[in-house]
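Undergrad: Curious how this folds, go ahead:
(2 chains, ligands or ions: 2)
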Amino acid sequence: MLNIQDLHAKIGNKEILKGLNLSVNAGEVHAIMGPNGSGKSTLANVLAGRNGYDVTKGTVEYEGKNLLKLLPEERAWAGLFLAFQYPVEIPGVNNVYLLKAAVNAVRKYRGETELDAVEFLGLIKEKMKVVKMKEDLLNRSVNEGFSGGEKKRNEIFQMSVLEPKLAILDETDSGLDIDALKIVSKGVNSLRNEKRSVILVTHYQRLLDYIKPDHVHVLSDGKIIKSGGPEVALELEEKGYDWIKEEAA
Amino acid sequence: MSPETMSDNIQNYVNDFNQLKIDDWLDESRHSALKLFKESGFPNSKLENWKYTDVRPIKKKSFSNVPGLTTSVGTEEINAVRFNGLDCIEVVFINGLFSKEHSTLVALEKGLVVENMLDALAKDKDLLAKHLTKYADDKVSPFTALNTAFIQNGTFINVVPNTVIEKPINILYLSKESNSALATHPRNLIVMGENSEATVIESYIGLDDANYFTNAVTEVALSPSAILKHYKIQQESLNAYHIGNLNIRQDKDSKLESHSISLGGALVRNDIHGQLAAEGAEIIMNGLYMTGDKQHVDNHTRVDHLKPRTLSTENYRGVLNGKSRAVFNGKVIVHKGAQKIEAHQNNANLLLSDDAEIDTKPELEIYADDVKCAHGATVGQLDQNMLFYLRSRAIDEETARSLLTYAFADELISNISFAPIRNRLEHLVIGQLPDTALIREFTNE
Ligand SMILES: Nc1ncnc2c1ncn2[C@@H]1O[C@H](COP(=O)(O)OP(=O)(O)O)[C@@H](O)[C@H]1O
Ligand SMILES: [Mg+2]
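TA: Ligands and ions are numbered 1, 2, ... in the order given. The predicted model follows:
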C-alpha cells in the first residue's frame, strides 16, 4: 500500500529526514516511536502534503502512485488521512458542514452519489457513539474552544466517518487521560480490517496496549534505526532511546 | 475662472440647482448649502479627512442632477433585488426619484410615518424643521452641503413614542443606465420617539453597470430609550461613485445598531458620525467591506462621547482582493467630563492579493480620565495552517480559500439576530466570493 524509499526532506536548509525507508502493507498497523525532534511529525506532514517541506531525495509510492506529486486534497480523496498532533481551530467553519463536504468530496472522487443531509446524519450518528462525541461539539466551529482531548477525539471521529485506507495518527495519544485513550483506541480498532492500514506515531508504549501493532519502528535523527514486533516497544519502554541508539551505532 | 474650478463641474451643479424651482420653507437652507458648496468645492487629498481618498473622478465628470431619467425599471427587476419573502414596508426610488408605484406605504402600522421627503416637507413641517439639517453638518463635508442643496427625494420616518414597529422598513435606492450620467442626492431623516423601536434597511443598488454618482445623507434622532437597528447595504454598480453620510444624535439610554455592508462601487466613501449626547446612550457599529478589481472603499467613523456613561463598540472587517484599496479610519472622541465611558474598536483585514492595499487608522482623543478604551487593527492573509487542515480533509484548495474568506466575513454577519437579514447578507457575501457553488455546502443556503 505504502512504500517509502530513501526519503530525504528539508525544512529550509535543515535536513530532517535523512534516508527513511518504510513499507506498509494493506491491513497492517505500524507504530513509529522516537524521541522529540526525531522527525515523526515531519514524516506525517510530508506524507499528507503540507507546504514548506523540500523532498530532496527518495520516493513515496501509495497504491502504485507517486504520492509526492499529489495535492493534499488529492491524497485525501485517495484515502489518506492525517490525524494532526496539533489540530487547528477554524472559527466560522462548522464541524458538521466540513465533515459532510469532506465525505462528499471523497464520494464524488470515487464516482459515488453524494449524501444528502439525512443520509449524512444517519452515517455520523453511529460513529458518534463509538468515540462518544458530544453533539454540541459537533455543531460548533472546527475545534474552536475545544479542550486538548476534545480536539484529539474530533480527529478520530473525523477519521471514523471518512474511513480512510491509510490513517496516520500523529501522537493522538499525547495528553489524553486513560479513558480518552481507550475511546481513541476503540475508534482506531473499529476501523481495522484487511484493507486498511494505520501508522501510529507515538511517544509512549502505553497506546500499544490498546492498539496492537504488527510492526514497531524506532525513528531517530531522521532515520529508522530499528524495526521489529511489539517487543521493540516494550524494550524501549524499559531501556530508553539511548540504548537503541547505541545498539544501532 | 481657474482651470481647476472649470474642471470641477461646480457650475453644472449650480445650473441644475437653479432649474429645480422648488419653493418651500426649506429653500433658504438649500441656498446657503449651495453657497457653501460653491465656496469649498470638492474636498482634495490635502485635507486630513480625505487624505487617502481622491474624489477627482467625481469632480471631473459632468453629471445631471435631474432625478428619474431612465429607461423603465420593471417589477421583475426590482423583485430580483428584494429580500426574498421578507415581510417589510418598502420605499422604492428609481434613479433618485420616489416610485409610489413600487413602494408599499399604505396601511402602515399605528404610530409610524413613512413618506417621501418632498411629501413630508409639505405635510410635517414642524417636525422636519426641528430635525432636518440639524445632525448632518454642511460645513463638515462639501458632499453633505451638496446633498442639502438638493433635498427633494428621500425617506422620512417617524416612530411615535412607546411604539415598536415589527416590520423592517426597507428603502431601496435603485440605479440604472439612463440618457445621461446621473447624480442623485437622497436625503433621509429618521426620528425615533421616546421608547420606540424600529429596523431600517437602506440599500443602494446598481441594476446594471452604469456610471452614476449617489450622494446620500441620512440623519437619525433617537429620543430617550429609543432603539434603532440600521442596516446599510451598498451594492452600487462597479462603475458608480457612492458617498454616504450617516449622522446620529442620541438621547439618554437610547441604542443604535449600525451595520454597514459595502460590496459595490468604483469609488466609495461611507461616513458615520454618532453623537452620544446623554448618559446611557449606546452605539454599536459593525461594518464589512469586500473589495476587488480596482475598487476604492473608504470607511470613516466618528463617535463623540459627549456625556458620562456612554458606550461605543465598533467592529469593522475588510476582505480585499485584486488591486483594490480600502481605508478605515475610526475616530473616538471622549469629551471633557464624559467619565465612565467605554469605547471599544476593532478593525481586521484580510488581504487576498499582493496588490490590494489597506490604510487603517484608529484615532482616540480623550479629554476625561475615568474611561475604558481599547482599539486594535490587524492586517493578514489566509492562515496556512487552516488551509492545509481543510485540504487534508478533502476540500480542494479553491473551496478552502473561499470558505476561510467566508468564515472571516461571516464573523460579523453571524451575530445579526434577525434571521431574514442575516441570511440575505450571508447570501450576498457568498455571491462576492471567487467560487460560489462549492461553499454553499457549508452554509444554510
Ligand atoms: N517549521 C519548522 N522550521 C524549522 N525547523 C523545524 C520546523 N518544524 C520542525 N522543525 C525541526 O525539525 C525537527 C523534527 O521535528 P518534528 O518532525 O516535529 O519531530 P517530532 O515530531 O519527532 O518531535 C526538529 O528538530 C524540529 O525543531
Ligand atoms: Mg511531533
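Undergrad: hang on, isn't B:Ser392 packed against A:Leu82?
TA: Yes: shown here, B:Ser392 and A:Leu82 form a contact pair, counting by C-beta atoms under 8 Å, at 5.4 Å. Yep, even glycine has a C-beta here, placed from its N, CA and C like the rest.
Undergrad: Figure out the helix or strand that the residue positioned nearest the centre of chain A lives in.
TA: Taking C-alpha atoms, centre = their mean, the centroid of chain A lies closest to A:Ile168, which sits 1.9 Å from it. Under the criterion of DSSP states H and E, A:Ile168 resides in strand A:166-170.
Undergrad: could you check the angle strand A:166-170 makes with whichever helix or strand comes after that strand?
TA: Using DSSP H and E, the helix or strand that follows strand A:166-170 in sequence is helix A:178-191. Angle, helix A:178-191 to strand A:166-170, by axes from the mean of the first three to the mean of the last three C-alpha atoms, to 10 degrees: 170 degrees.
Undergrad: average pLDDT across the next helix-or-strand element following helix A:178-191?
TA: Sequence-wise, the next helix or strand downstream of helix A:178-191 (DSSP H and E) is strand A:197-202. Strand A:197-202 carries an average pLDDT of 95.
Undergrad: Help me confirm that A:Trp243 is found in a helix?
TA: Yes: counting by DSSP: H, G, I helix; E, B strand; the rest coil, A:Trp243 is located in a helix.
Undergrad: measure it to A:Pro213 for me?
TA: Note on A:Trp243: its distance to A:Pro213, by C-beta to C-beta, to the nearest Å, is 20 Å.
Undergrad: And B:Val217, by the same measure?
TA: Counting by C-beta to C-beta - B:Val217 and A:Pro213 are separated by 73 Å.
Undergrad: ditto for A:Thr202
TA: Taking C-beta to C-beta, one finds A:Thr202 at 9 Å from A:Pro213.
Undergrad: Verify the stated contact: A:Ile225 with A:Leu219.
TA: Yes: here A:Ile225 reaches A:Leu219: they are 7.4 Å apart, a contact under C-beta under 8 Å.
Undergrad: one step back: which one of B:Ser392 and A:Leu82 has more residues nearby?
TA: A:Leu82 (29 against 24; other C-beta atoms under 10 Å in any protein chain shown).
Undergrad: Skip the chain neighbours and tell me the closest residue to that one.
TA: A:Ala48 (4.0 Å; C-beta to C-beta, 6 or more residues apart in numbering or on different chains).
Undergrad: The one you found contacts A:Ala83, doesn't it?
TA: No: contact criterion C-beta under 8 Å: A:Ala48 and A:Ala83 do not qualify, at 10.0 Å.
Undergrad: Mind giving me the packing neighbours of whatever helix or strand B:Lys232 lives in?
TA: Following DSSP H and E, one finds B:Lys232 within strand B:227-235. Helices and strands touching strand B:227-235, by 3 or more C-beta pairs under 8 Å, 6 or more residues apart in numbering or on different chains; DSSP states H and E, are strand B:187-192, strand B:197-206, strand B:213-222, strand B:241-250, strand B:255-262, strand B:267-276, helix B:419-431.
Undergrad: contact partners of that strand?
TA: Here strand B:227-235 makes contact (C-beta atoms under 8 Å, 6 or more residues apart in numbering or on different chains) with B:81, B:190, B:192, B:196-206, B:220, B:222, B:242, B:244, B:246, B:254-265, B:268, B:270, B:418, B:421, B:425, B:428.
Undergrad: and what of stretch A:135-144?
TA: A:87-96, A:98, A:124, A:128, A:146, A:150-151, A:154, B:389, B:407.
Undergrad: buried stuff in it?
TA: Using 16 or more other C-beta atoms under 10 Å in any protein chain shown as the test for burial, stretch A:135-144 gives A:137, A:140-144.
Undergrad: what about A:Ile225 and A:Leu219, which has more around it?
TA: Neighbours per residue (other C-beta under 10 Å) separate A:Ile225 from A:Leu219, with A:Leu219 holding more: 23 against 18.
Undergrad: other SSEs contacting the helix or strand harbouring that one?
TA: Element membership for A:Leu219 (DSSP H and E) is strand A:215-220. On a contact count with 3+ C-beta pairs under 8 Å, 6+ apart, strand A:215-220 meets strand A:29-33, strand A:223-228, helix A:231-239, helix A:241-248.
Undergrad: on that earlier part again, so can I have JSON lines of the buried residues of stretch A:135-144 showing secondary structure?
TA: Listed next are the buried residues of stretch A:135-144 as JSON lines, based on three-state DSSP:
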{"residue": "A:Leu137", "secondary structure": "helix"}
{"residue": "A:Arg140", "secondary structure": "coil"}
{"residue": "A:Ser141", "secondary structure": "strand"}
{"residue": "A:Val142", "secondary structure": "strand"}
{"residue": "A:Asn143", "secondary structure": "coil"}
{"residue": "A:Glu144", "secondary structure": "coil"}
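Undergrad: For chain B, which segments are assigned as helices?
TA: B:3-8, B:10-20, B:27-40, B:56-60, B:75-81, B:117-123, B:125-131, B:142-149, B:384-392, B:397-413, B:419-431 (DSSP state H).
Undergrad: which parts of the longest one are buried?
TA: Going by neighbour count (16+ other C-beta under 10 Å), the buried part of helix B:397-413 is B:399-413.
Undergrad: burial count for residue 129?
TA: Went with chain A since none was named. 9.
Undergrad: that's the other chain; I wanted chain B
TA: B:Ala129: 14 neighbours (other C-beta under 10 Å).
Undergrad: Ligand 1 versus that one, what's the distance?
TA: 68 Å (C-beta to the nearest ligand atom, to the nearest Å).
Undergrad: Can you report how many residues lie near the one residue in the stretch 151-300 of chain B that gets nearest to chain A?
TA: Nearest to chain A, among the residues of the stretch 151-300 of chain B, is B:Leu288, at 13.0 Å (C-beta to the nearest C-beta). By the criterion of other C-beta under 10 Å, B:Leu288 has 25 neighbours.
Undergrad: give me every residue that touches it.
TA: Here B:Leu288 is in contact with B:260-262, B:316-319, B:409, B:412-413, B:429 (criterion: C-beta under 8 Å, 6+ apart).
Undergrad: Then B:Asn65?
TA: When contacts are counted by C-beta under 8 Å, 6+ apart, B:Asn65 touches B:13, B:16-17, B:150, B:182-185.
Undergrad: contact partners of stretch B:87-97?
TA: Against stretch B:87-97 from outside (C-beta under 8 Å, 6+ apart): B:67-70, B:73, B:78, B:82, B:98-99, B:102-105, B:108, B:112, B:114, B:116, B:153, B:155, B:167-176, B:178, B:182, B:184-186, B:201, B:212.
Undergrad: Recalculate using a threshold of 7 Å.
TA: B:67-70, B:73, B:78, B:99, B:102-105, B:108, B:114, B:153, B:155, B:167-176, B:178, B:182, B:184, B:186 (C-beta atoms under 7 Å, 6 or more residues apart in numbering or on different chains).
Undergrad: Please apply the same query to stretch B:353-366.
TA: B:52, B:318, B:320-334, B:345, B:347, B:349, B:351, B:373, B:375, B:377, B:379.
Undergrad: Is it possible to mark the buried ones in these?
TA: Neighbour-count burial (16+ other C-beta under 10 Å) applied to the contacts of stretch B:353-366 gives B:52, B:318, B:320-321, B:323-334, B:345, B:347, B:349, B:351, B:373, B:377.
Undergrad: and ligand 2, which of the residues you listed reach it?
TA: Among the buried ones among the contacts of stretch B:353-366, proximity to ligand 2 is found for none (C-beta under 5 Å from the ion).
Undergrad: All set now, cheers.
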